[in-house]
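Chemist: Sequence first, predicted model second:
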Amino acid sequence: MGLQGITYLIVGATFALYIGIALWARAGSTKEFYVAGGSVHPVLNGMATGADWMSAASFISMAGLIANMGYGGGLFLMGWTGGYVLLAMLLAPYLRKFGKFTVPQFVGDRFYSKGASTVAVICLLAASLTYIIGQMTGVGVAFSRFLGVSNTMGVFIGMAIVFVYAVFGGMKGITYTQVAQYCVLIIAYTVPAIFISLQLTGNPLPQLGLGSDMAGTNVALLTKLDQVVTDLGFGKYTTMTRLSQLNYFVYTVSLMIGTAGLPHVIVRFFTVPKVRDARASAGWALVFIAILYTTAPGVAAMARLNLHNTTYQYKIMGNEKAGVAQVDDLDLFDSNNNLVYEDRPAWMKRWEVTGLLKFNDKNGDGRIQYYNDKNESIKDKAAAAGWAGSELTVNRDIMVLANPEIALLPNWVIALVAAGGLAAALSTAAGLLLAISSAISHDLLKEKFMPDLSEKGELMAGKIAMACSIFVAGYLGLNPPDFAAGTVAIAFGLAASSIFPALMLGIFSRTMNKEGAIAGMLAGLGITMLYVFAHKGLFFIKGTEFLGLFGGKANFFFGIEPNAFGAIGAVVNFAVAFAVKRMFPAPPEEIVALVESVRIPRGSKEIGGAH
């Protein structure tokens with residue numbers, strides 16, 4: 001059976017499993033729909049959280065970003081894992097003890113205001129919808145390659161499948177589906193990584209392979225990669241940082257506190273029976289997430305080296321038959337060493353169909369030149385070789401999915417990665433849709449506009465909200481503001497600037513009143529959206545950017561990029577909240593007592609939907 005047939009078989013089998021589980025465990029009540037009845041074991045909840053967390057950004061895009069950014073890409077690893085420590089220590093147990101199953105409910109009750117709850121819904125929708133755009137970008141990449149269709153068609157197919165199993169399952173179905181999806185995606189990520197690490201370094205653990213010597217040589221893998229990328233004009237892989245140290249720090253903090261403020265992750269801790277289980281769930285989630293996150297740097301470095309290796313017919317990594325034993329023996333600027341385009345491997349042809357890998361023969365020699373043509377220091381060398389610019393355009397989001405193909409691994413491994421990529425993107429999309437659904441149907445409709453809405457009517461409203469969200473996210477996923485992980489980083493910034501400070505103040509400040517909390521959320525979200533939209537366009541619509549109002553210079557605030565601005569938004573949120581608090585009366589005594597009781601680690605309330 002060929003690659004396409006095996007791919008259909010493995011992906012089809014995993015989808016049959018997910019949909020079967022969703023139908024077996026489908027929700028029969030709003031409590032089961034939103035928080036799985038509050039009865040999920042911490043280890044299973046940790047796995048489900050891992051799948052919910054390890055989205056298309058983690059599985060498909062993160063290693064691609066690290067491969068492109070080198071050492072600078074480490075901020076994603078630190079931010080996205082560090083945030084779980086914050087969540088486990090500062091938020092999860094207290095929110096579980098509070099006994100509500102959505103973030104807006106907590107905000108509404110703690111700040112004794114339906115207005116505060118409505119503002120929280122707006123913040124939640126802004127973060128969640130932006131996050132789903134990133135997932136749909138990833139879904140499009142995965143489906144387009146493995147069904148052999150265009151990226152646009154891939155997004156449409158993904159929209160249909162997400163709709164089916166998110167709408168019919170609810171949180172109960174999604175939780176058990178995500179346990180299965182975690183198993184699929186972690187096997188799909190680690191198996192190829194083990195194969196490739198063995199190929200390149202002889203070490204089966206990619207975590208150790210990253211620091212090992214290349215197989216049969218005394219040259220370390222990272223030393224060889226540094227040499228290749230710097231010779232071709234790219235930044236040094238092991239020392240390259242993201243713009244500036246300040247930007248690097250702020251970006252990491254934004255991802256950390258954004259993680260702790262993401263509504264679809266927080267709601268996971270309402271699905272366990274006890275407060276102690278909420279903390280245990282966060283711990284297990286961190287263990288399951290760490291398996292992928294410690295593998296990613298090795299995958300990234302090996303994928304980058306493999307990609308450069310592919311563009312030379314006499315291999316960078318040594319080819320005794322061609323008389324090239326070491327990288328030093330190969331002149332990277334000798335055009336005779338470049339791969340002839342007509343002889344390109346099958347994986348390149350397959351990815352060209354998707355439009356995510358493109359070749360433009362700028363000098364007409366029929367060979368592939370791939371280098372950093374913006375680096376002035378190598379322009380003379382490139383000109384002497386007859387090169388007229390870099391001719392290969394590689395979308396960063398394809399690196400993980402293409403890696404096993406580039407390394408010529410068996411077809412079943414390539415198909416397994418397809419299944420893992422789809423599991424990652426779809427599991428997170430489902431969790432996000434549920435957060436959006438509960439915010440609209442429960443927190444807006446039932447609590448604010450239609451208090452007499454029946455449970456059946458609320459479920460139907462939630463499903464309609466999901467369908468509308470899928471449509472919006474799919475449309476924007478066709479024209480995303482950034483690569484999958486970049487788009488997701490913007491979502492984290494929005495959560496960091498609005499939701500995280502409100503939760504922290506709600507739990508740890510007895511004196512924070514509703515006026516301070518509302519003003520803080522609006523200020524944090526507003527300033528972050530202003531900065532992001534100035535760079536990315538109003539509601540991410542290309543052509544509507546307004547950097548001209550700020551002098552026309554990108555990253556105009558101390559060189560901080562829009563994806564990292566959430567941390568600045570959070571500082572604004574806290575500052576405005578404390579300033580406004582002083583102008584209005586203190587919260588009622590019963591609210592102060594409530595804050596005290598939530599912080600005492602004994603007992604937990606039954607999770608309830610009503611105020």
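Modeler: Arrived safely, thanks for sending.

Chemist: how about the closest residue in space to Ser244 that isn't next to it in sequence, secondary structure?
Modeler: Using C-beta to C-beta, 6 or more residues apart in numbering and skipping the chain neighbours, the partner closest in space to Ser244 is Gly559 (5.0 Å). C-beta coordinates here come from the backbone N, C-alpha and C atoms, glycine included. The local conformation at Gly559, judged by DSSP: H, G, I helix; E, B strand; the rest coil, is coil.

Chemist: What is the neighbour count of Gly559?
Modeler: When neighbours are counted by other C-beta atoms under 10 Å, Gly559 registers 15.

Chemist: my read: it touches Asn247, true?
Modeler: Yes: with contact defined as C-beta atoms under 8 Å, Gly559 counts as touching Asn247 (5.7 Å).

Chemist: quick revisit: OK, contacts around the residue nearest to Ser244?
Modeler: 243-244, 246-247 (C-beta atoms under 8 Å, 6 or more residues apart in numbering).

Chemist: Tell me which of those has the lowest pLDDT.
Modeler: For those, the weakest pLDDT value sits at Leu243, with 79.

Chemist: related to what we said a few turns ago, any of the contacts of Gly559 buried? List them.
Modeler: Asn247 (16 or more other C-beta atoms under 10 Å).

Chemist: For my notes, confirm Lys358 occurs in a strand.
Modeler: Yes: assignment of Lys358 by three-state DSSP places it within a strand.

Chemist: With the flanking residues excluded, which residue is spatially nearest to it?
Modeler: Lys358's closest residue in space is Thr393 (C-beta to C-beta, 6+ apart), at 4.4 Å.

Chemist: Just give the closest residue to Tyr371, not the sequence neighbours.
Modeler: Leu232 (4.1 Å).

Chemist: My guess is Thr14 contacts Gly421. True?
Modeler: No: with contact defined as C-beta under 8 Å, Thr14 does not count as touching Gly421 (11.0 Å).

Chemist: Compare those two and say which one has the larger neighbour count.
Modeler: The neighbour comparison of Thr14 against Gly421 (other C-beta under 10 Å) goes to Gly421, with 29 against 22.

Chemist: from memory that one sits against Gly138, does it?
Modeler: Yes: counting by C-beta under 8 Å, Gly421 does reach Gly138; the two are 7.2 Å apart.

Chemist: Spit out the residues that contact the two alike.
Modeler: Counting by C-beta under 8 Å, 6+ apart, the residues touching both Gly421 and Gly138 are 56, 59-60.

Chemist: now, which of the contacts of Gly559 sits nearest Ala48?
Modeler: Using C-beta to C-beta, Asn247 is the member of these that lies nearest Ala48, at 33.7 Å.

Chemist: Return the residues in contact with the closest one.
Modeler: For Asn247, the contact set (C-beta under 8 Å, 6+ apart) comprises 555, 559-561, 564.

Chemist: most surrounded residue in these?
Modeler: Neighbour counts for these (other C-beta under 10 Å) peak at Ala564, which has 31 neighbours.

Chemist: so where's the stretch 51-200 of the chain uncertain?
Modeler: Along the stretch 51-200 of the chain, the model assigns pLDDT under 70 to residues 100-101, 165-175.

Chemist: Report whether Asp397 is found in a helix, as I expect.
Modeler: Yes: counting by three-state DSSP, Asp397 is part of a helix.

Chemist: what pLDDT does it get?
Modeler: Taking Asp397 on its own, its pLDDT is 81.

Chemist: Would you confirm that it contacts Val139?
Modeler: No: at 10.9 Å, Asp397 does not count as touching Val139 under the criterion of C-beta under 8 Å.

Chemist: Which of the two has more residues huddled nearby?
Modeler: Between Asp397 and Val139, Val139 has the larger neighbour count (other C-beta under 10 Å), namely 32 against 29.

Chemist: so after the one helix or strand the more buried one maps to, what's the next helix or strand?
Modeler: Counting by DSSP states H and E, the element that carries Val139 is helix 114-147. Next along the chain after helix 114-147, taking DSSP H and E as the criterion, comes helix 151-201.

Chemist: Count the residues that sit near the closest residue in space to Asn563 that isn't next to it in sequence.
Modeler: Leaving aside its chain neighbours, Asn563 sits nearest to Ala489 (4.1 Å; criterion: C-beta to C-beta, 6+ apart). For Ala489, the neighbour count with other C-beta under 10 Å is 30.

Chemist: Over to Leu434?
Modeler: 28.

Chemist: Quick check: it touching Val267?
Modeler: Yes: counting by C-beta under 8 Å, Leu434 touches Val267, with 7.3 Å between them.

Chemist: Wait, a helix at Pro204?
Modeler: No: going by three-state DSSP, the assignment for Pro204 is coil, not a helix.

Chemist: so who does it touch?
Modeler: Applying C-beta under 8 Å, 6+ apart to Pro204 gives the contacts 194, 197-198.

Chemist: mind running it again at 6 Å?
Modeler: Listed by C-beta atoms under 6 Å, 6 or more residues apart in numbering, the contact partners of Pro204 are 194, 198.

Chemist: ranges for the strands of this protein?
Modeler: For the chain, applying DSSP state E gives strands covering 357-359, 392-394.

Chemist: Could you report the neighbour count for the closest residue to Gln4 other than its chain neighbours?
Modeler: Counting by C-beta to C-beta, 6+ apart, Gln4 lies nearest to Gly148, which is 6.8 Å off, once chain neighbours are set aside. Neighbour count for Gly148, taken as other C-beta under 10 Å: 14.

Chemist: Look up how far Met399 lies from Gly148.
Modeler: 19 Å (C-beta to C-beta, to the nearest Å).

Chemist: go on, Ala57?
Modeler: Taking C-beta to C-beta, one finds Ala57 at 13 Å from Met399.

Chemist: got it, and Ile507?
Modeler: According to C-beta to C-beta, Ile507 stands 40 Å off from Met399.

Chemist: Among the two, which residue is more densely surrounded?
Modeler: More neighbours surround Met399 than the other of Ile507 and Met399, with 25 against 21 (other C-beta under 10 Å).

Chemist: The more buried one contacts Ala303, doesn't it?
Modeler: Yes: Met399 lies in contact with Ala303 (C-beta atoms under 6 Å); the separation is 4.7 Å.

Chemist: For burial, what's the neighbour tally of the nearest residue to Gly474 once chain neighbours are set aside?
Modeler: Spatial nearest neighbour of Gly474, excluding adjacent residues (C-beta to C-beta, 6+ apart): Met159 at 4.2 Å. The number of residues packed near Met159 is 21, by other C-beta under 10 Å.

Chemist: domain ranges for this structure?
Modeler: Per automatic domain parsing, the domain ranges recorded for the chain read 3-19+38-295+412-499, 305-406.

Chemist: and those as JSON lines, adding distance to Leu594?
Modeler: Shown next, in JSON lines, are those (distance: least, C-beta to C-beta, whole Å):
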{"stretch": "domain 3-19+38-295+412-499", "distance to Leu594": "7"}
{"stretch": "domain 305-406", "distance to Leu594": "45"}
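
Chemist: tell me the most buried of those domains?
Modeler: Highest mean neighbour count among these (mean count of other C-beta atoms under 10 Å): domain 3-19+38-295+412-499, with a mean of 23.

Chemist: And it, end to end?
Modeler: 45 Å (C-alpha to C-alpha, to the nearest Å).

Chemist: next one: stretch 68-81
Modeler: First-to-last residue span, stretch 68-81, C-alpha to C-alpha: 20 Å.

Chemist: Contacts made by that stretch with the rest, please.
Modeler: Contacts for stretch 68-81 (C-beta under 6 Å, 6+ apart): 62, 65-66, 237-242, 248, 251-252, 255-256, 259, 293, 396.

Chemist: how about 7 Å then?
Modeler: For stretch 68-81, contacts defined as C-beta atoms under 7 Å, 6 or more residues apart in numbering pick out 62, 65-66, 235, 237-242, 248, 251-252, 255-256, 259, 286, 289-290, 293, 296, 300, 396, 485.
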